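*Asks:* fold the following, please.
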Amino acid sequence: MAAMIGHDAAEQAFVEAWAGGRLHHAWLLAGPQGMGKAAFAARAARFLVTHGRGGEGQTVPLDDSGDAAAERLVAAGNHPEILTLERLVKDKGKDLARNITIDQVRGMIRRLHLSLSLGDWRVILVDAVDDLETDGANALLKTLEEPPAQTLFLLVSHSPGRLLPTIRSRCRTLRFQPAERDAMTAWLHDLRPMLDHGEVRAIVAASGGVPGKALALIDSDVAAMEKKLLAIAASGDPDNRLREALAREVGGTSNRARLELVIDIVPALLSQLARERPIGEIAPVLAGWDRVQRTVRDAIRGSYDGTMVGFEIGNCLAELAPRRDRGSV
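*Replies:* Have a look, this model is predicted:
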(Lines give C-alpha, C1' and ligand atoms only; values in the text may rest on other atoms or scores of the structure.)
Protein backbone atom coordinates (compact mmCIF):
# COMPACT_ATOMS: atom_id res chain seq x y z
CA MET A 1 0.00 0.00 0.00
CA ALA A 2 1.20 3.51 -0.78
CA ALA A 3 2.56 5.43 2.18
CA MET A 4 0.01 7.72 3.80
CA ILE A 5 0.58 11.20 5.13
CA GLY A 6 -0.72 12.79 8.30
CA HIS A 7 0.37 10.02 10.67
CA ASP A 8 3.42 11.68 12.25
CA ALA A 9 1.72 12.99 15.39
CA ALA A 10 -0.14 9.72 15.98
CA GLU A 11 3.04 7.70 15.51
CA GLN A 12 4.98 9.87 17.93
CA ALA A 13 2.27 9.68 20.60
CA PHE A 14 2.02 5.90 20.33
CA VAL A 15 5.76 5.17 20.33
CA GLU A 16 6.44 7.57 23.20
CA ALA A 17 3.72 5.92 25.29
CA TRP A 18 5.23 2.49 24.59
CA ALA A 19 8.78 3.65 25.36
CA GLY A 20 7.66 5.25 28.61
CA GLY A 21 5.69 2.21 29.78
CA ARG A 22 2.46 4.22 29.65
CA LEU A 23 0.74 2.42 26.79
CA HIS A 24 -3.00 2.80 27.32
CA HIS A 25 -4.91 -0.45 26.84
CA ALA A 26 -7.31 0.98 24.20
CA TRP A 27 -6.70 3.48 21.40
CA LEU A 28 -9.45 5.04 19.31
CA LEU A 29 -8.15 5.92 15.83
CA ALA A 30 -10.61 8.59 14.74
CA GLY A 31 -10.95 10.51 11.49
CA PRO A 32 -12.45 10.50 8.00
CA GLN A 33 -12.50 7.29 6.02
CA GLY A 34 -9.48 7.13 3.75
CA MET A 35 -6.99 8.64 6.20
CA GLY A 36 -5.14 5.33 6.54
CA LYS A 37 -6.27 4.58 10.10
CA ALA A 38 -6.45 0.83 9.50
CA ALA A 39 -2.98 0.92 7.93
CA PHE A 40 -1.69 2.75 11.01
CA ALA A 41 -3.36 0.16 13.26
CA ALA A 42 -1.67 -2.66 11.32
CA ARG A 43 1.71 -0.94 11.70
CA ALA A 44 1.15 -0.43 15.42
CA ALA A 45 0.10 -4.06 15.90
CA ARG A 46 3.19 -5.30 14.04
CA PHE A 47 5.38 -3.02 16.14
CA LEU A 48 4.03 -4.33 19.45
CA VAL A 49 4.26 -8.03 18.70
CA THR A 50 7.81 -7.68 17.38
CA HIS A 51 9.27 -5.27 19.97
CA GLY A 52 8.25 -6.53 23.39
CA ARG A 53 6.96 -4.68 26.44
CA GLY A 54 8.68 -1.33 26.08
CA GLY A 55 9.04 0.94 29.09
CA GLU A 56 12.78 1.47 28.74
CA GLY A 57 12.50 5.10 27.62
CA GLN A 58 14.07 4.57 24.19
CA THR A 59 11.83 5.51 21.26
CA VAL A 60 12.21 3.91 17.84
CA PRO A 61 10.26 4.47 14.59
CA LEU A 62 7.00 2.59 14.26
CA ASP A 63 8.37 0.75 11.20
CA ASP A 64 11.57 -0.29 12.98
CA SER A 65 12.50 -3.96 12.46
CA GLY A 66 11.93 -6.17 15.46
CA ASP A 67 12.06 -9.89 16.17
CA ALA A 68 12.67 -11.60 12.82
CA ALA A 69 10.54 -14.69 13.46
CA ALA A 70 7.60 -12.59 14.63
CA GLU A 71 8.05 -10.31 11.61
CA ARG A 72 7.70 -13.28 9.27
CA LEU A 73 4.49 -14.40 10.98
CA VAL A 74 3.01 -10.89 10.73
CA ALA A 75 3.96 -10.67 7.04
CA ALA A 76 2.24 -13.99 6.38
CA GLY A 77 -0.87 -12.90 8.31
CA ASN A 78 -0.39 -15.75 10.79
CA HIS A 79 0.78 -14.09 14.00
CA PRO A 80 -1.29 -15.73 16.77
CA GLU A 81 -1.46 -12.62 18.95
CA ILE A 82 -2.96 -10.25 16.36
CA LEU A 83 -6.74 -10.65 16.22
CA THR A 84 -8.81 -8.64 13.74
CA LEU A 85 -12.55 -8.01 13.93
CA GLU A 86 -14.10 -6.82 10.67
CA ARG A 87 -17.20 -7.41 8.61
CA LEU A 88 -17.14 -10.85 7.01
CA VAL A 89 -17.95 -11.78 3.43
CA LYS A 90 -21.47 -13.18 3.12
CA ASP A 91 -21.86 -16.86 2.31
CA LYS A 92 -21.06 -17.63 -1.33
CA GLY A 93 -20.99 -13.95 -2.22
CA LYS A 94 -18.73 -10.97 -2.59
CA ASP A 95 -20.68 -8.51 -0.46
CA LEU A 96 -19.70 -7.80 3.13
CA ALA A 97 -22.03 -8.43 6.04
CA ARG A 98 -23.84 -5.38 7.38
CA ASN A 99 -22.17 -5.53 10.81
CA ILE A 100 -19.49 -7.10 12.95
CA THR A 101 -21.58 -9.61 14.88
CA ILE A 102 -21.87 -10.40 18.55
CA ASP A 103 -20.61 -13.93 17.77
CA GLN A 104 -17.38 -12.48 16.38
CA VAL A 105 -16.90 -10.42 19.54
CA ARG A 106 -17.59 -13.45 21.75
CA GLY A 107 -15.03 -15.45 19.79
CA MET A 108 -12.47 -12.72 20.40
CA ILE A 109 -13.29 -12.64 24.13
CA ARG A 110 -12.75 -16.40 24.39
CA ARG A 111 -9.28 -15.94 22.90
CA LEU A 112 -8.47 -13.38 25.59
CA HIS A 113 -8.76 -16.07 28.26
CA LEU A 114 -5.86 -17.99 26.71
CA SER A 115 -2.25 -17.36 27.71
CA LEU A 116 0.01 -15.55 25.28
CA SER A 117 1.68 -18.07 23.00
CA LEU A 118 4.28 -15.74 21.51
CA GLY A 119 5.78 -12.44 22.65
CA ASP A 120 4.65 -9.91 25.23
CA TRP A 121 1.53 -8.42 23.65
CA ARG A 122 -1.83 -9.45 22.23
CA VAL A 123 -3.42 -6.88 19.91
CA ILE A 124 -7.12 -6.66 19.02
CA LEU A 125 -7.75 -4.60 15.89
CA VAL A 126 -11.39 -3.62 15.23
CA ASP A 127 -11.99 -2.19 11.75
CA ALA A 128 -14.27 -0.43 12.11
CA VAL A 129 -15.73 -0.21 15.59
CA ASP A 130 -18.60 1.76 14.00
CA ASP A 131 -19.72 -1.53 12.39
CA LEU A 132 -20.38 -3.39 15.65
CA GLU A 133 -23.87 -4.65 16.38
CA THR A 134 -25.37 -3.10 19.50
CA ASP A 135 -24.85 -6.30 21.52
CA GLY A 136 -21.31 -6.54 20.18
CA ALA A 137 -20.55 -2.97 21.22
CA ASN A 138 -21.83 -3.67 24.72
CA ALA A 139 -19.74 -6.84 24.97
CA LEU A 140 -16.65 -4.98 23.80
CA LEU A 141 -17.33 -2.27 26.39
CA LYS A 142 -17.27 -4.81 29.22
CA THR A 143 -13.91 -6.07 28.01
CA LEU A 144 -12.53 -2.52 27.79
CA GLU A 145 -13.66 -1.91 31.37
CA GLU A 146 -11.72 -4.95 32.63
CA PRO A 147 -8.98 -5.51 30.05
CA PRO A 148 -6.64 -8.52 30.31
CA ALA A 149 -3.00 -7.76 31.02
CA GLN A 150 -0.69 -7.14 28.06
CA THR A 151 -3.68 -6.78 25.71
CA LEU A 152 -4.09 -3.70 23.57
CA PHE A 153 -7.14 -2.63 21.56
CA LEU A 154 -6.91 -0.55 18.38
CA LEU A 155 -10.36 0.69 17.41
CA VAL A 156 -10.72 2.29 13.98
CA SER A 157 -13.61 4.75 13.78
CA HIS A 158 -14.83 6.89 10.90
CA SER A 159 -17.65 8.39 13.01
CA PRO A 160 -16.52 8.48 16.65
CA GLY A 161 -19.42 10.71 17.62
CA ARG A 162 -21.81 7.80 16.98
CA LEU A 163 -20.05 5.42 19.36
CA LEU A 164 -21.19 4.69 22.87
CA PRO A 165 -19.77 7.50 25.04
CA THR A 166 -18.61 4.84 27.48
CA ILE A 167 -16.48 3.22 24.76
CA ARG A 168 -14.91 6.56 23.87
CA SER A 169 -14.21 7.26 27.54
CA ARG A 170 -12.24 4.01 27.90
CA CYS A 171 -9.91 4.92 25.04
CA ARG A 172 -7.09 7.28 24.31
CA THR A 173 -7.98 9.03 21.06
CA LEU A 174 -5.61 9.59 18.16
CA ARG A 175 -7.13 11.97 15.62
CA PHE A 176 -6.30 11.73 11.93
CA GLN A 177 -7.08 15.07 10.27
CA PRO A 178 -7.28 15.81 6.52
CA ALA A 179 -3.95 17.00 5.14
CA GLU A 180 -3.33 20.60 4.10
CA ARG A 181 -3.51 21.43 0.40
CA ASP A 182 0.24 22.08 0.05
CA ALA A 183 1.14 18.84 1.83
CA MET A 184 -1.27 16.85 -0.35
CA THR A 185 0.12 18.45 -3.50
CA ALA A 186 3.73 17.64 -2.60
CA TRP A 187 2.78 14.09 -1.58
CA LEU A 188 0.98 13.43 -4.88
CA HIS A 189 3.84 14.86 -6.92
CA ASP A 190 6.25 12.52 -5.12
CA LEU A 191 3.89 9.56 -5.36
CA ARG A 192 2.90 10.00 -9.02
CA PRO A 193 5.45 12.26 -10.75
CA MET A 194 3.84 11.50 -14.11
CA LEU A 195 0.70 13.48 -13.20
CA ASP A 196 0.56 16.99 -14.63
CA HIS A 197 -0.13 20.01 -12.44
CA GLY A 198 -3.75 20.27 -13.57
CA GLU A 199 -4.52 16.67 -12.62
CA VAL A 200 -2.84 17.07 -9.23
CA ARG A 201 -4.81 20.26 -8.54
CA ALA A 202 -8.09 18.54 -9.44
CA ILE A 203 -7.33 15.46 -7.33
CA VAL A 204 -6.26 17.54 -4.32
CA ALA A 205 -9.42 19.65 -4.53
CA ALA A 206 -11.73 16.65 -4.93
CA SER A 207 -10.05 14.59 -2.19
CA GLY A 208 -10.66 17.11 0.58
CA GLY A 209 -7.26 16.31 2.06
CA VAL A 210 -8.03 12.59 2.44
CA PRO A 211 -5.13 10.52 1.08
CA GLY A 212 -7.17 7.36 0.46
CA LYS A 213 -9.65 9.27 -1.66
CA ALA A 214 -6.79 10.89 -3.58
CA LEU A 215 -5.34 7.45 -4.34
CA ALA A 216 -8.71 6.30 -5.68
CA LEU A 217 -9.05 9.43 -7.80
CA ILE A 218 -5.63 8.91 -9.38
CA ASP A 219 -7.07 5.94 -11.28
CA SER A 220 -9.97 8.03 -12.58
CA ASP A 221 -9.72 10.52 -15.42
CA VAL A 222 -10.33 13.46 -13.12
CA ALA A 223 -9.09 16.13 -15.52
CA ALA A 224 -11.36 14.93 -18.35
CA MET A 225 -14.43 14.83 -16.10
CA GLU A 226 -13.64 18.28 -14.69
CA LYS A 227 -13.39 19.59 -18.26
CA LYS A 228 -16.82 18.18 -19.12
CA LEU A 229 -18.45 19.72 -16.07
CA LEU A 230 -16.86 23.11 -16.69
CA ALA A 231 -18.07 22.99 -20.30
CA ILE A 232 -21.65 22.73 -19.04
CA ALA A 233 -21.13 25.68 -16.67
CA ALA A 234 -19.51 27.76 -19.41
CA SER A 235 -22.01 27.12 -22.21
CA GLY A 236 -25.26 26.48 -20.37
CA ASP A 237 -25.68 23.42 -22.62
CA PRO A 238 -28.67 24.90 -24.49
CA ASP A 239 -29.50 21.68 -26.35
CA ASN A 240 -29.05 19.37 -23.29
CA ARG A 241 -26.46 17.35 -25.19
CA LEU A 242 -23.72 17.64 -22.56
CA ARG A 243 -26.09 16.95 -19.67
CA GLU A 244 -27.54 13.87 -21.35
CA ALA A 245 -24.03 12.56 -22.01
CA LEU A 246 -23.10 13.15 -18.37
CA ALA A 247 -26.22 11.33 -17.16
CA ARG A 248 -25.42 8.31 -19.35
CA GLU A 249 -21.82 8.29 -18.18
CA VAL A 250 -22.69 8.12 -14.47
CA GLY A 251 -25.96 6.15 -14.63
CA GLY A 252 -26.33 2.52 -13.66
CA THR A 253 -24.68 0.42 -10.97
CA SER A 254 -21.61 -0.26 -13.10
CA ASN A 255 -20.86 3.50 -13.18
CA ARG A 256 -21.24 4.15 -9.43
CA ALA A 257 -17.54 5.01 -9.02
CA ARG A 258 -17.79 7.59 -11.82
CA LEU A 259 -20.87 9.12 -10.20
CA GLU A 260 -19.04 9.38 -6.88
CA LEU A 261 -16.16 11.06 -8.72
CA VAL A 262 -18.55 13.70 -10.08
CA ILE A 263 -20.01 14.25 -6.61
CA ASP A 264 -16.47 14.69 -5.25
CA ILE A 265 -15.42 17.10 -8.01
CA VAL A 266 -18.43 19.43 -8.06
CA PRO A 267 -17.83 21.22 -4.70
CA ALA A 268 -14.32 22.25 -5.78
CA LEU A 269 -15.63 23.38 -9.19
CA LEU A 270 -18.33 25.50 -7.59
CA SER A 271 -15.77 26.99 -5.24
CA GLN A 272 -13.60 27.82 -8.26
CA LEU A 273 -16.53 29.43 -10.07
CA ALA A 274 -17.42 31.48 -6.97
CA ARG A 275 -13.86 32.84 -6.79
CA GLU A 276 -13.94 33.80 -10.46
CA ARG A 277 -17.31 35.59 -10.37
CA PRO A 278 -17.97 39.20 -9.35
CA ILE A 279 -19.36 39.54 -5.83
CA GLY A 280 -22.86 40.16 -7.16
CA GLU A 281 -22.88 36.83 -9.01
CA ILE A 282 -21.72 34.60 -6.15
CA ALA A 283 -25.20 33.97 -4.70
CA PRO A 284 -26.35 31.72 -7.61
CA VAL A 285 -23.21 29.63 -7.22
CA LEU A 286 -23.93 29.10 -3.52
CA ALA A 287 -27.54 28.25 -4.34
CA GLY A 288 -26.25 25.71 -6.86
CA TRP A 289 -24.13 24.11 -4.16
CA ASP A 290 -27.16 23.78 -1.86
CA ARG A 291 -29.15 22.24 -4.70
CA VAL A 292 -26.45 19.68 -5.45
CA GLN A 293 -26.29 18.74 -1.77
CA ARG A 294 -30.06 18.22 -1.61
CA THR A 295 -30.00 16.15 -4.79
CA VAL A 296 -27.32 13.83 -3.43
CA ARG A 297 -29.04 13.49 -0.03
CA ASP A 298 -32.39 12.68 -1.64
CA ALA A 299 -30.75 10.15 -3.95
CA ILE A 300 -29.04 8.38 -1.05
CA ARG A 301 -32.32 8.16 0.86
CA GLY A 302 -34.05 6.80 -2.23
CA SER A 303 -32.86 4.48 -4.97
CA TYR A 304 -29.66 6.37 -5.78
CA ASP A 305 -30.58 6.84 -9.44
CA GLY A 306 -27.23 7.83 -10.93
CA THR A 307 -28.77 9.02 -14.19
CA MET A 308 -31.07 11.42 -12.36
CA VAL A 309 -28.31 12.67 -10.08
CA GLY A 310 -25.98 13.26 -13.01
CA PHE A 311 -28.56 15.18 -15.01
CA GLU A 312 -29.59 17.30 -12.04
CA ILE A 313 -25.96 18.18 -11.28
CA GLY A 314 -25.68 19.17 -14.93
CA ASN A 315 -28.75 21.37 -14.56
CA CYS A 316 -27.22 23.15 -11.58
CA LEU A 317 -24.03 23.86 -13.52
CA ALA A 318 -25.88 24.93 -16.68
CA GLU A 319 -27.81 27.56 -14.75
CA LEU A 320 -24.52 29.19 -13.76
CA ALA A 321 -23.51 29.93 -17.36
CA PRO A 322 -23.24 33.61 -18.36
CA ARG A 323 -26.47 34.64 -20.08
CA ARG A 324 -24.76 35.61 -23.31
CA ASP A 325 -23.71 31.95 -23.73
CA ARG A 326 -27.09 30.43 -23.01
CA GLY A 327 -28.98 31.32 -26.16
CA SER A 328 -32.58 32.11 -25.36
CA VAL A 329 -32.34 30.69 -21.83
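
*Asks:* please count neighbours and contacts with C-alpha atoms only from this point.
*Replies:* Will do.

*Asks:* domain map for the chain?
*Replies:* For the chain, automatic domain parsing gives the domain ranges 8-175, 220-325.

*Asks:* let's test this: mean pLDDT of the last one, rounded?
*Replies:* By that I understand domain 220-325. For domain 220-325, the mean pLDDT works out to 81.

*Asks:* returning to what we had before: for R192, which of the domains of the chain is the nearest?
*Replies:* The closest of the domains of the chain to R192 is domain 220-325. By Cα to Cα, the value is 13.5 Å.

*Asks:* check the offset of that closest one from the chain's centre.
*Replies:* Chain-centre distance of domain 220-325: 23 Å, with Cα atoms, centre = their mean, to the nearest Å.

*Asks:* going forward, the N-terminal residue is numbered 684.
*Replies:* In the new count, where the first residue is 684, that last one comes out as domain 903-1008.

*Asks:* export the domains of the chain as a markdown table, with columns for mean neighbour count and distance to G881.
*Replies:* What follows is the domains of the chain, written out as a markdown table (neighbours: other Cα atoms under 10 Å; distance: least, Cα to Cα, whole Å):
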| stretch | mean neighbour count | distance to G881 |
| --- | --- | --- |
| domain 691-858 | 17 | 22 |
| domain 903-1008 | 17 | 7 |
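
*Asks:* okay, those in a markdown table with distance to D865 next?
*Replies:* Listed next are the domains of the chain as a markdown table, based on distance: least, Cα to Cα, whole Å:
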| stretch | distance to D865 |
| --- | --- |
| domain 691-858 | 16 |
| domain 903-1008 | 16 |
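
*Asks:* closest to P894 out of these?
*Replies:* Of all the domains of the chain, the one in closest proximity to P894, counting by Cα to Cα, is domain 691-858 (5.8 Å).

*Asks:* quick one: low-confidence ranges for the stretch 734-883 of the chain?
*Replies:* Within the stretch 734-883 of the chain, the ranges that satisfy pLDDT under 70 run 774-777.

*Asks:* for it, what spans make up the strands?
*Replies:* Counting by DSSP state E, counting those that start in this stretch, the segments of the stretch 734-883 of the chain that form strands are 765-768, 805-810, 834-840, 855-858.

*Asks:* V979: which of these is closest?
*Replies:* Of the strands of the stretch 734-883 of the chain, nearest to V979 by Cα to Cα is strand 834-840, at 23.8 Å.

*Asks:* tell me what the closest one is packed against?
*Replies:* Counting contacts by 3 or more Cα pairs under 8 Å, 6 or more residues apart in numbering; DSSP states H and E, strand 834-840 packs against strand 709-713, helix 720-734, strand 805-810.

*Asks:* ok, and what's touching the second one?
*Replies:* Just to be clear, that refers to helix 720-734. Defining contact as Cα atoms under 8 Å, 6 or more residues apart in numbering, one finds that helix 720-734 is touched by 690, 712-714, 745-751, 753-754, 757, 764-765, 802-806, 808, 810, 837, 839, 859.

*Asks:* relative to strand 709-713, how tilted is that helix?
*Replies:* If you take axes from the mean of the first three to the mean of the last three Cα atoms, to 10 degrees, helix 720-734 sits at 150 degrees to strand 709-713.

*Asks:* now helix 720-734: how far from the chain's centre is it?
*Replies:* Centroid separation for helix 720-734 versus its chain: 18 Å, with Cα atoms, centre = their mean.
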